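Undergrad: give the three-dimensional model of this entry:
(chains A and B)
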There are 2 protein chains.
Amino acid sequence: MDSKAMRKRILITGASGFTGKHAVVHFMKKDYEVTAAMRKEMSCEGASVVSCDLENEDQVMKLIEDANPHYILHLAGQNHVGSSWEQPLSYVNSNVIGTLHLLEAVRKKVPTARIVVAGSALQYNPSDSSTLTHPYSFSKTMQILVSEAWAKLYNLDVVIAKPSNLIGPGHSNGVCSIFAKKIAAMEKGDEKKELHISNLEARRNFIDVRDAVAAYEHLFLFGQRKAVYEIASSVCYSLKEVASMLRTLAHVDFQITNDEANSEPFLIPDTSPLQLIGWKPNYSLEKSLLDILTFHRQTKD
Amino acid sequence: MDSKAMRKRILITGASGFTGKHAVVHFMKKDYEVTAAMRKEMSCEGASVVSCDLENEDQVMKLIEDANPHYILHLAGQNHVGSSWEQPLSYVNSNVIGTLHLLEAVRKKVPTARIVVAGSALQYNPSDSSTLTHPYSFSKTMQILVSEAWAKLYNLDVVIAKPSNLIGPGHSNGVCSIFAKKIAAMEKGDEKKELHISNLEARRNFIDVRDAVAAYEHLFLFGQRKAVYEIASSVCYSLKEVASMLRTLAHVDFQITNDEANSEPFLIPDTSPLQLIGWKPNYSLEKSLLDILTFHRQTKD
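TA: Take a look at the predicted model:
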C-alpha cells in the first residue's frame, strides 16, 4: 500500500469559516487528505475545495459520495445570536436540516464514517424551556438532538463536541476579536483611545481555536461513540481581565469604560473526558490574544 | 354585530385526515367558521376548503393571512411508524418544518391566535435517548419542542395536546380499525373466519376521536397557555379484550389466534388537567367499536 492509499480522508464542512480555516490547516499538516466543503468556493491550499449548500439534499449526497470520507468534521452553520431572532427559520434550516442532510447522506453512503458535530456551549436543556434564551440556542440543541437520534436509530458513529468561546487569529465575531480589532485601529490612530465594555465583570471561558481543532482530531481518533465532549480551558476570565491583558500587549494606551460591572455565576466546563483521551490546551489566553492582535494589525478589513 | 361577525374562526390543518374530518364536523356543528386546510383539496360541507402544503413556506403564510383565524388546530403531519424508518427526512419535513412554517406565519400575521398542536403519546424524552425507538417518535418530540420554543421565545399562545390511540369511524391505520375491517369482510364471507393478533396481552389506551375533538375545543376555550394535556380514557385494554368485545358485536363467529401473550407495563395517562377544565369522555370502548364496525360494514375500500 502506498502512503497515499493509507492517508485518512476527512471532510470538513464550513471550511471557510473561522474554525473551518484552522481545521483545514491542522489536518493538512497532519497529512490527512482534506476535502474542504463551503457554500461559496474559496481557494484552500492543498485541500480539495467543494462548493456545497447543506440545505440542498442532492448536493450533500454528492458531496459525501465524492469525498467518501473516513472522518467528517461538521462545522457548517449559522452562529449569530442576534440575527437568529429575525431569521429563526433560516437558523433551523442551516443548523438542523443541513445536519440532517449530512447524516442521511452518511447513513446511505458511508455508514461507518465517524462524524464529529460541533455543538455549542449556548445550547439549552430541552427538558427545561426556561433555559432557552434565543433561536440560535434552540437550533444548536435541535442539531445535537438530530445527531444523537441518528446515532441511536441508525447506529451512526457520531461524537458530539461542545466548544466554549473560540478565540484566535482570523475573522471572528467574538469579543476578543472585536477588542483586538479596535486596539489595532487605535494603534494606527484611526480610533478614539477608548475600549467600551458593557459589563466588565461578565466572565467567559475562552479556548484557542487551534486547541479546539486539535481536540477534534482527538475525538476522531480516541473519542467514544455517542459521547459528548466539552472543549474549554480550565480558567474563566472576566472581560475586564481580557481588556487589561490586551492593554499590556498593545502599542498604544487606552481607557477602559463600562456601563456596569455585575458578576454572574459561571461554571467551568468539565473537560476531564477530553483530558482522559490525551488532549490538553497549548495556548494561554495571553498567547491567543497576542496572535489575535497580530492578525488585526496585519489585516485590512 | 351580526351573528356572522361574532363567530370564531378556526383553521384546521390536516382536515382530510382521520381526526381532521371529525374535527371539521365538530366545529361546524358548534357554529365556528371553519377553514379546512389539506394537501389535496376534497369537499368538506360547509367549511372553506384550502389546499396547502405546509412544507411550502409561502403557501402557509397565505393560508394564515387569508383564514385570519382565532384558533388553529394543527393536526397535519405524517404518522406511520413503519414508513418513518425509510423516510425519516420526510417525517422531519412534514412534522417539524411544517409546524415551524405555521408558527412563523402565526408570529407574523396573527400573533394572538391560539394554536393547539397535536403531539403524540409516542413522543420520546429528549433527555434520555434510550426512550427513542423510531423516527416518527423523534419527529413528534421535535414538533413539540419547536412549538414550546416559539411559545417561549415569541410569546405565542400555544397549547400542547398528547392524544393516546384515537379510534372511531373513518379510515384509520389503528388496530381497532384493522380488526373491525377484517370482521366486516368476514361478515360478507370474503375472509377466513380468523383474527390474528401478534401479542394478545399488549395493552393500549384508546380514546374515541370524537371525545378527542371535544377535548381540543376545551383546550381552545379553557386550556392554559404553554401547558401540555394528555387526552386519554381512564382504562387500558388488552388487544384480547378488544377482540372479544368485537366478537360480541359481530354478526359472524371467528377464531382469535396469536403468536404470543406477554403483558408489558402500561401507565394510564394523567387526564386530570383536562378534567379540571371540564372535559370528560362520552364514548365507551364498546360504543366506539360498534361505530367502527358499522363504518366498515358500510364502506367499500
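Undergrad: surely A:K182 touches A:L195?
TA: Yes - counting by C-beta atoms under 8 Å, A:L195 is a contact partner of A:K182 at 6.1 Å. Every C-beta, even on glycine, is put in place using the N, C-alpha and C of the backbone.
Undergrad: what residue in the stretch 201-301 of chain A comes nearest to chain B?
TA: At 7.9 Å from chain B, A:K226 is the closest residue in the stretch 201-301 of chain A, using C-beta to the nearest C-beta.
Undergrad: identify the residues contacting that residue.
TA: A:K226 is in contact with A:148, A:151-152, A:158-160, B:129, counting by C-beta atoms under 8 Å, 6 or more residues apart in numbering or on different chains.
Undergrad: relative to A:Y71, how far out is it?
TA: The gap separating A:K226 from A:Y71 is 16 Å, by C-beta to C-beta, to the nearest Å.
Undergrad: before we move on, what about A:F266?
TA: From A:F266 to A:Y71 the distance is 33 Å (C-beta to C-beta).
Undergrad: same check on A:K30?
TA: According to C-beta to C-beta, A:K30 and A:Y71 sit 11 Å apart.
Undergrad: okay, helices next: where are they in the stretch 151-300 of chain A?
TA: In the stretch 151-300 of chain A, the helices defined using DSSP state H, counting those that start in this stretch lie at A:175-187, A:209-222, A:239-249, A:272-276, A:285-298.
Undergrad: tally of neighbours for the residue of the stretch 51-200 of chain A at minimum distance from chain B?
TA: Residue nearest to chain B within the stretch 51-200 of chain A: A:P126 (4.1 Å; C-beta to the nearest C-beta). Neighbours of A:P126 under the rule other C-beta atoms under 10 Å in any protein chain shown: 22.
Undergrad: so what's it up against?
TA: The contact partners of A:P126, by C-beta under 8 Å, 6+ apart, come to A:141, A:145, B:126-127, B:145.
Undergrad: which residue, other than its chain neighbours, is closest to it?
TA: Leaving aside its sequence neighbours, A:P126 sits nearest to B:P126 (C-beta to C-beta, 6 or more residues apart in numbering or on different chains; 4.1 Å).
Undergrad: what's the pLDDT at that neighbour?
TA: As predicted, B:P126 sits at a pLDDT of 93.
Undergrad: and if you look at A:S129?
TA: A:S129 carries a pLDDT value of 88.
Undergrad: hang on, the earlier thing: so which of the contacts of A:K226 comes closest to B:L293?
TA: Nearest to B:L293 among these is A:K152, at 39.6 Å by C-beta to C-beta.
Undergrad: test my guess that that closest one contacts B:D128.
TA: No - using C-beta under 8 Å, A:K152 is not in contact with B:D128, being 10.7 Å away.
Undergrad: which strands and helices lie in contact with the helix or strand containing A:F27?
TA: With secondary structure defined by DSSP states H and E, A:F27 is part of helix A:18-29. Secondary-structure packing of helix A:18-29 (3 or more C-beta pairs under 8 Å, 6 or more residues apart in numbering or on different chains; DSSP states H and E): strand A:9-13, strand A:33-38, helix A:209-222.
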